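*Asks:* structure, please.
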Amino acid sequence: MIPYLKYLVYLLLILAYVNVGYAECGYSGMNFYPQQRSINIDAMFMIEGYGYSQKTVNSFYDRKVYLESKDGQLIKMELQEILVGQLQLTQAVFKPSQCLLPNTTYSIKYENQTEMETREMYGWDSDTESREKIQWTTQPTINSDYMTRPLKINYITSEVNYYGCGPEAYAIFEIENPHTIEKWYKVTLVDLSTHEESIYIITAYEGKLYIGHGMCAGPFVFNSNGKYKLKVSQMDLNGKYHPPTPWITFQNPYEDHPSPWSPF
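*Replies:* As a prediction, this is how the structure comes out:
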């Protein structure tokens with residue numbers, strides 16, 4: 001599944017709820033990172049909100065967030081930054097205030113957490129084939145798989161699909177010798193026509209970086225003409241950034257995929 005098309009699934013599931021206030025449902029969803037559920041004791045965390053759930057992410061400027069162990073012990077999370085995507089997507093990056101305990105299971109907890117926010121902390125578990133609470137279990141190790149080679153990416157193609165509610169559009173870059181473990185990628189995208197800059201952290205999908213947006217949400221939006229440039233910094237799950245790639249210039253995806261409904 002293309003990375004942000006999954007938000008369409010979230011939308012349909014949430015719309016199925018009844019007797020929930022409009023302000024808290026109808027167009028929302030959350031993602032929690034790391035995606036892998038087995039983590040090291042120095043892991044960072046990222047919370048991403050879609051649609052109305054962006055309000056939750058923005059509340060973290062003035063709201064405490066914790067990791068909670070199964071026995072109720074709390075570790076305060078320190079907000080590192082909040083990044084705003086260009087289409088209904090916002091993310092917050094956190095660092096625990098202390099090293100996590102080994103062989104311990106943690107979940108996210110907000111200050112003054114609402115019922116809707118609690119529901120958003122559950123996700124589909126393919127092993128149990130049911131919705132389970134998002135949680136992570138620590139290993140007695142630290143992140144030591146530091147990148148020893150410069151990150152290299154190559155533009156390979158673009159992809160645009162038109163749907164009734166809007167298009168999804170991606171410029172696709174292949175990672176040379178991708179890592180087998182989870183890494184985060186901080187992308188800086190610049191519209192060369194307007195010089196507008198947008199920064200967002202994404203993950204790889206099958207060894208590729210999809211720069212753009214799905215039908216409902218995404219970090220980056222393209223104009224219908226003009227060129228763009230980007231650079232990408234790889235980030236280990238302990239928060240260590242590595243030097244960015246050189247700037248890469250590419251044509252916007254709509255250049256090769258015009259709308260089937262356009263009169264021109």
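
*Asks:* could you use CA atoms for every contact and neighbour count after this?
*Replies:* Fine.

*Asks:* strands of the stretch 1-150 of the chain, residue ranges please.
*Replies:* Remark: strands assigned in the stretch 1-150 of the chain by DSSP state E, counting those that start in this stretch are 28-33, 38-39, 45-51, 65-69, 74-84, 89-96, 105-110, 122-125, 130-133, 136-138.

*Asks:* would you mark the buried spots in the last one?
*Replies:* It refers to strand 136-138. Within strand 136-138, the residues that count as buried by 16 or more other CA atoms under 10 Å are 136, 137, 138.

*Asks:* one more: the fifth one?
*Replies:* Counting neighbours by 16+ other CA under 10 Å, one finds that the buried residues in strand 74-84 are 74, 75, 76, 77, 78, 79, 82, 83, 84.

*Asks:* which non-adjacent residue is nearest the first one?
*Replies:* What that stands for is residue 74. residue 68 (4.7 Å; CA to CA, 6 or more residues apart in numbering).

*Asks:* would you agree that neighbour is in contact with residue 110?
*Replies:* No - when contacts are counted by CA atoms under 8 Å, residue 68 is not listed as touching residue 110 (9.8 Å).

*Asks:* list the contacts of the residue nearest to residue 74.
*Replies:* 74, 75, 106, 107, 108, 109 (CA atoms under 8 Å, 6 or more residues apart in numbering).

*Asks:* for those residues, which one is nearest residue 161?
*Replies:* residue 108 (35.1 Å; CA to CA).

*Asks:* can you give me every residue that contacts that closest one?
*Replies:* Counted by CA under 8 Å, 6+ apart, residue 108 has contacts 65, 66, 67, 68, 121, 134, 135.

*Asks:* how about a cut-off of 6 Å?
*Replies:* Applying CA atoms under 6 Å, 6 or more residues apart in numbering to residue 108 gives the contacts 66, 67.

*Asks:* as a markdown table, the buried residues of strand 136-138 with pLDDT and distance to residue 210 would be great.
*Replies:* As requested, the buried residues of strand 136-138 are exported to a markdown table (pLDDT from 0 to 100; distance: CA to CA, whole Å):
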| residue | pLDDT | distance to residue 210 |
| --- | --- | --- |
| 136 | 97 | 26 |
| 137 | 97 | 29 |
| 138 | 97 | 29 |
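
*Asks:* one step back: rank the strands of the stretch 1-150 of the chain by pLDDT, which is bottom?
*Replies:* Set side by side, those give their lowest mean pLDDT on strand 122-125, at a mean of 85.
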